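1. any chance you could fold what I've pasted below:
(chains A and B)
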Amino acid sequence: MSILSRIFHRTPAYEVSGYRTIYTALVERLTRDGVNVGGTAGYPRVEVHSIREQARLDKEGAIRQINLTVESISNKSLDEAVTMNETNLQLLTEYELELDDWTSLGILADQLQDMTETSDTNKIIYRILQQITVVLERTKTDE
Amino acid sequence: MAVLGNTRRVYIVTGSSSLTYTWLSGEQTNSFNRTAEALEISDKSTDWAQFISGKKGATAEVTVYTDDTSGEPQYDAISALHNGETVKVFIGTLSSDEPSEGDFFEAVITAISDTNDNGAVASRSLSLTATGEVTHYPTIS
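-> From the prediction side, this is the model:
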């Protein structure tokens, strides 16, 4: 921390959530050829959804924990959906996420669930829902 | 008037003539406990025990997310414990960089406990015992 920031000790409370930055960063990181990422139509595709940001963990709001689901959807096979999920996890963890104004302290793969259902056109859809926890720290700036 | 706990924070105070109040960043919660001994002075004139106020004291507990950056307040607190030194602390609210409401005291750090749970941000609890007088703001007459 610089001398100036030690004198001006009151760092601003960070009221803005990490929602926007984490969604954008995840979609960007997961994007690759052959898979529709972020959209809601077409196969195979990956959706980032059910983003839940928990209450501020510290008095400044500088630490945020975000739970979300990265869903891999295939109309061919469960194996394709599972393979997409493993690729997702590899992409998310091989390099640090690039976020505006936030730093990722870690990405944790939590629960995983598979679902097989029938679409409106009687096609079988294979879904892998991967729960992810991301912990963000607001990037400090010298005042 | 009631206030949110977010606004009543723990600051490590440095300097002598000009004081600098540095928030213990990553603070989640703190508690401050004031005590006074009850000295019994009962005599046979009554069946009811009688007391006067004796020695006063105070303790504080604060939980933060760990930050071991050199020069930051948590590092200073750990250094104080290792070196057997006291720290100056203010718990409360500041206005224009000066105490507005709260308590200022010098303290011995009696414990610093780290908790490193899987899947959670590492946290640290500090226990402090005030040595000497506690100065309350607004000033008590």
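2. now do the contacts for residue A:103.
-> Residues in contact with residue A:103, defined by Cβ atoms under 8 Å, 6 or more residues apart in numbering or on different chains, are A:96, A:136, A:137, A:138, A:139. Where C-beta positions appear, they are placed from N, C-alpha and C, glycine not excepted.
3. now with 10 Å, please.
-> A:96, A:97, A:135, A:136, A:137, A:138, A:139, A:140 (Cβ atoms under 10 Å, 6 or more residues apart in numbering or on different chains).
4. distance check, it against chain B.
-> Taking Cβ to the nearest Cβ, to the nearest Å as the measure, residue A:103 and chain B are separated by 12 Å.
5. report the beta-bridge partner residues of that residue.
-> Counting by DSSP bridges, residue A:103 forms beta bridges with residue A:137.
6. show me what the residue most central in space within chain B is bridged to.
-> By Cα atoms, centre = their mean, chain B has its centre lying nearest to residue B:60, at 4.0 Å. As for beta bridges, residue B:60 partners with residue B:32, residue B:128 under DSSP bridges.
7. one step back: among the contacts of residue A:103, which one has the lowest pLDDT?
-> Least confident of these in the model: residue A:140, at 66.
8. for the residue nearest to the centre of chain B, what are its contacts?
-> Applying Cβ under 10 Å, 6+ apart, the residues contacting residue B:60 are B:10, B:30-34, B:89, B:91, B:103, B:105, B:107, B:109, B:126-130, B:134.
9. now with 7 Å?
-> Shown in contact with residue B:60 (Cβ atoms under 7 Å, 6 or more residues apart in numbering or on different chains): B:30, B:31, B:32, B:89, B:91, B:107, B:128.
10. check residue B:138 too.
-> Per Cβ under 7 Å, 6+ apart, neighbours of residue B:138: residue B:101.
11. just the strands in the chain please.
-> By default, I'm working from chain A. Counting by DSSP state E, chain A has strands at residues A:36-37, A:45-53, A:63-74, A:102-118, A:124-138.
12. nope, chain B
-> Under DSSP E, chain B gives strands at B:9-14, B:20-23, B:27-40, B:51-65, B:86-95, B:98-115, B:123-130, B:135-137.
13. now the fourth one - C-alpha only, PDB.
-> The one in question is strand B:51-65. Taking C-alpha atoms only, strand B:51-65 is exported to PDB below (Å, rounded to 0.1, in the frame of the first residue of the first chain):
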ATOM      1  CA  PHE B  51     -19.700  -3.800  45.900                       C
ATOM      2  CA  ILE B  52     -17.600  -1.000  44.500                       C
ATOM      3  CA  SER B  53     -16.100  -0.800  41.100                       C
ATOM      4  CA  GLY B  54     -12.500  -2.000  40.900                       C
ATOM      5  CA  LYS B  55      -9.900  -2.300  38.200                       C
ATOM      6  CA  LYS B  56     -11.200  -1.800  34.700                       C
ATOM      7  CA  GLY B  57     -10.100  -3.600  31.600                       C
ATOM      8  CA  ALA B  58     -11.000  -4.300  28.000                       C
ATOM      9  CA  THR B  59     -10.500  -7.000  25.400                       C
ATOM     10  CA  ALA B  60     -11.200  -7.100  21.700                       C
ATOM     11  CA  GLU B  61     -11.600  -9.900  19.200                       C
ATOM     12  CA  VAL B  62     -11.400  -9.300  15.400                       C
ATOM     13  CA  THR B  63     -11.700 -11.700  12.500                       C
ATOM     14  CA  VAL B  64     -10.200 -10.800   9.100                       C
ATOM     15  CA  TYR B  65      -9.300 -12.400   5.900                       C
END
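14. buried ones in stretch B:113-133?
-> Neighbour-count burial for stretch B:113-133 flags B:121, B:123, B:124, B:126, B:128, B:129, B:130 (criterion: 16 or more other Cβ atoms under 10 Å in any protein chain shown).
15. residues making contact with it?
-> Under Cβ under 7 Å, 6+ apart, the answer for stretch B:113-133 is A:57, A:63, A:105, A:108, A:133, A:135, B:57-66, B:74, B:77, B:86, B:89, B:105-112.
16. picking that back up, closest to residue A:31 out of the strands of chain B?
-> strand B:51-65 (32.1 Å; Cβ to Cβ).
17. and the angle from that closest one to strand A:63-74?
-> Orientation check (axes from the mean of the first three to the mean of the last three Cα atoms, to 10 degrees): strand B:51-65 against strand A:63-74 gives 40 degrees.
18. what number of residues lie near residue A:35?
-> By other Cβ atoms under 10 Å in any protein chain shown, the residues close to residue A:35 number 19.
19. thanks a lot, catch you later.
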